[in-house]
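K.L.:
attaching a predicted model along with its sequence, questions to come.
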Amino acid sequence: MFIHHSQTRRQSMAAVGGAALLLTSVGLGAAPAPAHGAYPSRPVTIVTSAPPGGPLDILARLIASVLDSTLGQRFVVENKAGAARHLAADYVAQSKPDGYTVLFDIDTTFTVDPHLYKKMSFKPDDLKPVMILASSGLMIGVNPKTGIKTMAEWVKAAKARTLNFSSGGIGSPGHLVMAEFDRVSQTKLNHIPYGGNTPAVAAIVSG
């Protein structure tokens, strides 16, 4: 994902919204790249930092299905959610750098997290980007029981009292955008991070 220098800060924060990256491990002593046309010669594992049922997981499985049918090898999706999305990245970073274990993750793991965490279990340079596969938008949702039906009503309520908002985790696109929205709108928001979008949405539904 590229953000043009003329974009405003708010536009840039929104643009961070969810570019999905496919990455593979690199390192000294890495195995040579397979000859053209020989890859893949065996099943490939796609590791995602999202729990089952989330948008990243669904997209990974859709892509895996297409790759299965077009490349003639199994592409198996493994969910390794946890540790602020770093569990999956660390797993792939420590895997054999042969292209058969790849990471399917959001870009903020590499563009934002190094500035949020003094220490991570892996180094961003341990992984090499292969391609950007998708970009998604963001939305704000509330439980219908709140009676809030418009954005104006939501802002008014958030200025009158502290409201909780859930996100897919610290440093996730939802967290970053809402933190910026909170600053600009001068609302009273309390962040509750979850280990992925699926439990974050479930928390809203359960009220």
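P.N.:
Perfect, I can see it now. What you see is a predicted model, and the numbers here were worked out from it, not measured in a lab. Numbers count the residues shown, from 1 in each chain.
K.L.:
CA only for contacts and neighbour counts going forward, please
P.N.:
Noted.
K.L.:
just checking, what packs against the longest strand along the chain?
P.N.:
Ranked by residue count and defined by DSSP state E, the top strand of the chain is strand 127-134. Using 3 or more C-alpha pairs under 8 Å, 6 or more residues apart in numbering; DSSP states H and E as the contact test, the elements touching strand 127-134 are strand 20-25.
K.L.:
so for the strand it packs on, mean pLDDT?
P.N.:
Confidence for strand 20-25, expressed as mean pLDDT, is 68.
K.L.:
past that strand, which element shows up next along the chain?
P.N.:
For strand 20-25, the following helix or strand on the C-terminal side (DSSP states H and E) is strand 44-48.
K.L.:
chain center to that next one, what's the gap?
P.N.:
How far strand 44-48 lies from its chain's middle: 15 Å, per C-alpha atoms, centre = their mean, to the nearest Å.
K.L.:
got the angle for the helix or strand that comes right after it vs strand 44-48?
P.N.:
Sequence order places helix 55-71 as the next helix or strand after strand 44-48, per DSSP H and E. Counting by axes from the mean of the first three to the mean of the last three C-alpha atoms, to 10 degrees, helix 55-71 lies at 170 degrees to strand 44-48.
K.L.:
the longest strand of the chain pairs with which strands, parallel or anti?
P.N.:
Strand 127-134 has its sheet partners listed here by DSSP bridges as strand 20-25 (antiparallel).
K.L.:
show me the chain divided up by domain.
P.N.:
Using automatic domain parsing, the domain parsing of the chain gives 20-134, 144-206.
K.L.:
centre of the chain to the longest strand of the chain, how far?
P.N.:
For strand 127-134, the distance to the chain centre is 12 Å (C-alpha atoms, centre = their mean).
K.L.:
I'd like the C-alpha coordinates of the following helix or strand past that strand written as CSV, please.
P.N.:
Sequence-wise, the next helix or strand downstream of strand 127-134 (DSSP H and E) is helix 151-160. Output of helix 151-160 as CSV, limited to C-alpha atoms (Å, rounded to 0.1, in the frame of the first residue of the first chain):
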residue,chain,number,x,y,z
MET,A,151,-23.2,9.0,13.1
ALA,A,152,-24.3,12.3,14.6
GLU,A,153,-26.2,10.5,17.4
TRP,A,154,-23.1,8.3,18.1
VAL,A,155,-20.8,11.4,18.3
LYS,A,156,-23.2,13.1,20.6
ALA,A,157,-23.4,10.1,22.9
ALA,A,158,-19.6,9.7,22.9
LYS,A,159,-19.2,13.3,24.0
ALA,A,160,-21.7,13.0,26.8
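K.L.:
please consider this matter closed, and thank you.
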